[in-house]
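# Fold the following, please.
(chains A and B)
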Protein chains: 2
Amino acid sequence: MTASPRTVTADALFAGFDADLFVTDPDIIASYTRDRTRAYVGTPLAVARPRSAQELSALMIRCAELGAGVVPQGGLTGLVGAAVSDPDRPEVVVLLDRMNAIRSIDTVGFAMVVEAGCILETAKLAAEEQDCLLPITFGAQGSCRIGGNVATNAGGFNVLRYGMTRDLVLGLEVVLPDGRIWNGLRTLRKDNRGYDLKQLFIGAEGTLGIVTAVALKLFPRPSQVETALIGLHTVEDAMALYAMARRSCSDLLSAFEIMLRPGLERGLTHRPELSDPLETPCPVYILMELAGGDRVDLRALLESCLADAGDLLMDGVIAMNKAQAERLWACREAMVESQSRSGPYLRTDVSVPIAQIPAFLSAALETLAQSLPEGQPVTYGHVGDGNIHLNIVPPADWPVEERKALFARAEEIIFGTVDQFGGSISAEHGIGRSKKQAFLQRVDPVTLDLFRRIKRAIDPEALLSRGRIFDL
Amino acid sequence: MTASPRTVTADALFAGFDADLFVTDPDIIASYTRDRTRAYVGTPLAVARPRSAQELSALMIRCAELGAGVVPQGGLTGLVGAAVSDPDRPEVVVLLDRMNAIRSIDTVGFAMVVEAGCILETAKLAAEEQDCLLPITFGAQGSCRIGGNVATNAGGFNVLRYGMTRDLVLGLEVVLPDGRIWNGLRTLRKDNRGYDLKQLFIGAEGTLGIVTAVALKLFPRPSQVETALIGLHTVEDAMALYAMARRSCSDLLSAFEIMLRPGLERGLTHRPELSDPLETPCPVYILMELAGGDRVDLRALLESCLADAGDLLMDGVIAMNKAQAERLWACREAMVESQSRSGPYLRTDVSVPIAQIPAFLSAALETLAQSLPEGQPVTYGHVGDGNIHLNIVPPADWPVEERKALFARAEEIIFGTVDQFGGSISAEHGIGRSKKQAFLQRVDPVTLDLFRRIKRAIDPEALLSRGRIFDL
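Purely as a prediction, here's the structure:
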């Protein structure tokens, strides 16, 4: 069981399986050795593309016999190094792309069952065709896969209204490290028969099992969306607007995104065809969205919410049509895109209690300005989730090594400030390898001990995704 | 560590603790030996009322040293025998009633932190005073405690809109079986730092840890509620109305309760001051509720939804004021109360996929009518959760033994039908002791093995709530 993986031969691994279970073309294999960050490049033992949970089960049994490590891989959009093969210990990479069927959509029970390899956007479109909404929404939806969304507990734009991926999973089918198939693929809304095992696998970054199929909650597809961009004096005012909007919009608020002026300005410079969206330049912007069915006067709701806010607002615009709404969102996208235009930048993904956002931002930005005036902070986030991306863009002419040193110091400042506010250094993307050290520096011993107990209980040989998040 | 609990003396247990940590009055102790069902009556080793997680931690360490079993007890409203002392193995009963503070309410972040012994209704009222809603709502809310709600993953009326207790928990503080305190008491909305440990303790019925404090999501308190009682021809029509209502009501639907005519009639007989709520007696009734803030015309929304339903409806009434709405809900309560009027009855709490409700009810009721015509089914439930209470009331003059035999046969029929539809024999109340046998008959071996691995990982000596749900 504990043979060194170095001794695993292709023959021993492949024997008895259909030849086309494995990818053998080295060029194709190369494409599975790294993600967009290229921070971890590992040559896998093999790349397998199972067609069913049963086939994956047989492969897992073989890998357990040989002591070969295994790592499941979705769309490689997690960007923390969880799903690429370990550079120090070759692993069998399991692609779920052949298991991509949409098995069922239930328009009465508002549920769908999809296989883990289904691209998120494909699943979303299939739901839309049935006039339903699968709410998981973020930039990488065209390439990420549902199994990866579950393994990373993906967040995104609509968490405020619909929750994280965890909140949307009704059931799972999982292949365990010993090859057994756990069948928890149910669409029941209430089921209190003992431990809720699916919770173990959601957000575990592939360390406890390989998700092969998922049952998801759906919602009625909103037929109306109203979008506004609001300019404010301060982050405090943005929080006051948030508390008012949640109350006055009757749970129909679907996005409440914050952007600070410097980031928006970068975006406008990057895409000059987007003129400044408000007449008055404002220190803080909120992009808010309401969504609902035909029968609610959403425009009136939005207008009355903004009228209530009165003196809080510096400036603002309500999109009069879809094109105008898209233009407002394009300003946000331009800001995000602009960051990578002058080379590598530091991207963080932290969270604090919602009410602490102003104090957190004020403390972090002040320390950064004092200690690292060379780095330009680009700040945006999902207010309703307490999730802030406080990124640092170095001067365009800085060489890589100086950038790296800047990023390390900036991350230390940002994470240290997160600690002061009882926040999380990883709100959405997980720990994987890239945040492991920062995580282990901060995790309390009881939590780490419980992690290890769970890992040992489910994967005692640490065959699956070894060394991600923590070590046994 | 594994001394027989029979050898545990009071002196060894109490030594070094404040005398008033333990209840010593035998009359008071007696009140903690049984729940309302009186199905399990166990004499505890001791009854402890810790004032803090630290004091409970010290007690758990002592119990671990002595090998004494421990069971946490909330409001004793779970009714499956999870929280009463084991009749066959005296345990230390831990009451959380002294840890009942509301620590904080955050009206911007929409979160509250409460201690586990807080009565649910107390927490709900405290949230309301801050114009917030703590959505957990059910009959026992005046006596159940938050810690018990978490341990049982409580459901109730508003699950359709706001989810189960699990969906509302942001963080937990838990005393582990070895006495360590796990501090996961956070109000973060997004936090993907490895395994989500709180999920282990939610719904575990006290078998993995003792919850001492809880951070909960709040929502804006709805300032408007609209209520309607609709009469329909069939359960199929009720499901069609459900699918339409979810779509046309823009996620503002907060309750969608089904009742079949025979149950309603029993209720009306029981409380004759409630006249038949609709002019036409209908086979199926739906009690539906919409809730929202000031700015939405909820009445118009409800009316247009019902207008759309058109020919589906046999009869119906919209409550014109709060008193009328209360009268509609009183019909439902009268039905529930009426069941126990003629002695013990069988209460089930099952779930099936929402779209399967008509087929499930049709199959179960037909088999019951054929096999057990003496028992009167009383059928109601939460449609949006696929959760049905299909209860059996025996003739008033039947003696206890005949009732028991009827209940066993009826439960077999109902649970067997649940199995056919891939449902759950326990939607809300959990397994505890009373559903353990039925659960173990049905559970697949992989699930049971995973339960045991988790229990062994966290509580290897099975000190906490031993024998609830399953055996090690």
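
# Am I right that A:Glu121 is in contact with A:Gly139?
No: using Cβ atoms under 8 Å as the test, A:Glu121 is too far from A:Gly139 to be in contact (11.0 Å). Glycine gets a C-beta too; all of them are placed from N, C-alpha and C.

# quick one: which of those two has more around it?
Shown here are A:Glu121 and A:Gly139; by other Cβ atoms under 10 Å in any protein chain shown, A:Glu121 has more neighbours (16 against 13).

# Tell me if the more buried one really is in a helix.
Yes: per DSSP: H, G, I helix; E, B strand; the rest coil, A:Glu121 lies within a helix segment.

# Contact partners for it?
Contacts for A:Glu121 (Cβ atoms under 8 Å, 6 or more residues apart in numbering or on different chains) come out as A:141-142.

# and the worst-scoring helix or strand of chain A on mean pLDDT, how far out from the chain's middle?
The weakest-scoring helix or strand in chain A, judged by mean pLDDT, DSSP states H and E, is helix A:26-30 (a mean of 87). Distance of helix A:26-30 from the chain centroid (Cα atoms, centre = their mean, to the nearest Å) equals 27 Å.

# contacting residues around it?
Against helix A:26-30 from outside (Cβ under 8 Å, 6+ apart): A:23, A:43-44, A:47.

# switch the cut-off to 7 Å
Residues external to helix A:26-30 that are found in contact with it (Cβ atoms under 7 Å, 6 or more residues apart in numbering or on different chains): A:23, A:44, A:47.

# For it, which residues meet the burial criterion?
A:Ile29 (16 or more other Cβ atoms under 10 Å in any protein chain shown).

# Pairing partners for the helix or strand following that helix, with directions?
Next along the chain after helix A:26-30, taking DSSP states H and E as the criterion, comes strand A:46-48. If you go by DSSP bridges, strand A:46-48 pairs up with strand A:22-23 (antiparallel), strand A:92-95 (parallel).

# Need the winner for burial among these.
Counting by mean count of other Cβ atoms under 10 Å in any protein chain shown, strand A:92-95 has the highest mean neighbour count of the strands paired with strand A:46-48, with a mean of 23.

# Convert the C-alpha atoms of that one to CSV, please.
Provided in CSV are the C-alpha atoms of strand A:92-95 (Å, rounded to 0.1, in the frame of the first residue of the first chain):
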residue,chain,number,x,y,z
VAL,A,92,-2.3,10.5,-11.6
VAL,A,93,-4.3,13.4,-12.8
VAL,A,94,-8.0,12.6,-13.1
LEU,A,95,-9.9,14.6,-15.6
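
# Quick one: distance of it to the chain centre.
With Cα atoms, centre = their mean, you get 21 Å for strand A:92-95.

# repeat for stretch A:260-267
The answer for stretch A:260-267 is 23 Å, by Cα atoms, centre = their mean.

# Look up how far chain B lies from the most centrally placed residue in chain A.
For chain A, A:Ala154 is the residue whose C-alpha lies nearest the centre (Cα atoms, centre = their mean; 3.8 Å). Distance, A:Ala154 to chain B, by Cβ to the nearest Cβ, to the nearest Å: 9 Å.

# Surely A:Pro283 and A:Gly231 touch.
No: counting by Cβ atoms under 7 Å, A:Pro283 does not reach A:Gly231; the two are 8.1 Å apart.

# Just give the number of residues close to A:Thr24.
The tally of other residues near A:Thr24 (other Cβ under 10 Å) stands at 12.

# Quick check, pLDDT for it.
We note a pLDDT of 84 for A:Thr24 in this prediction.

# so which strand or helix has A:Thr227?
Counting by DSSP H and E, A:Thr227 is found in strand A:224-232.

# Just checking: what are the partner strands of that strand?
Partners of strand A:224-232 in its sheet, by DSSP bridges: strand A:284-292 (antiparallel), strand A:313-318 (antiparallel).

# avg pLDDT for that strand?
Per-residue pLDDT over strand A:224-232 has a mean of 97.

# so how far is the next helix or strand after that strand from its chain's centroid?
Counting by DSSP H and E, the element after strand A:224-232 in chain order, helix or strand, is helix A:235-248. Centroid displacement of helix A:235-248 relative to its chain, using Cα atoms, centre = their mean, is 25 Å.

# could you say what helices and strands helix A:235-248 packs with?
strand A:224-232, strand A:253-260, strand A:284-292, helix A:298-309, helix A:357-371 (3 or more Cβ pairs under 7 Å, 6 or more residues apart in numbering or on different chains; DSSP states H and E).

# ok, residues contacting the longest helix along chain A?
Longest helix of chain A, by residue count under DSSP state H: helix A:400-420. Residues from elsewhere that reach helix A:400-420 (Cβ under 7 Å, 6+ apart): A:343-344, A:346, A:348, A:350, A:352, A:360, A:363-364, A:367-368, A:371-372, A:374-375, A:390, A:392, A:394, A:424-425, A:438, A:442.

# With adjacent residues omitted, what lies nearest to the residue nearest to the centre of chain A?
Closest residue in space to A:Ala154, ignoring its immediate chain neighbours: A:Thr165 at 4.6 Å, by Cβ to Cβ, 6 or more residues apart in numbering or on different chains.

# my guess is the one you found contacts A:Ala151, does it?
No: A:Thr165 lies out of contact with A:Ala151 (Cβ under 7 Å); the separation is 9.2 Å.

# of these two, who's got more company?
Under the criterion of other Cβ under 10 Å, the comparison of A:Thr165 against A:Ala151 puts A:Ala151 first, with 30 against 27.

# quick one: secondary structure of the more buried one?
Assignment for A:Ala151 (three-state DSSP): helix.

# cool, the one 3 residues further on as well?
Secondary structure, three-state DSSP: A:Ala154 is coil.

# go on, A:Leu448?
Strictly by three-state DSSP, A:Leu448 counts as helix.

# For the nearest residue to it once chain neighbours are set aside, grab the count of nearby residues.
Nearest residue to A:Leu448, sequence neighbours excluded (Cβ to Cβ, 6+ apart): A:Phe470, at 6.3 Å. Neighbours of A:Phe470 under the rule other Cβ under 10 Å: 18.
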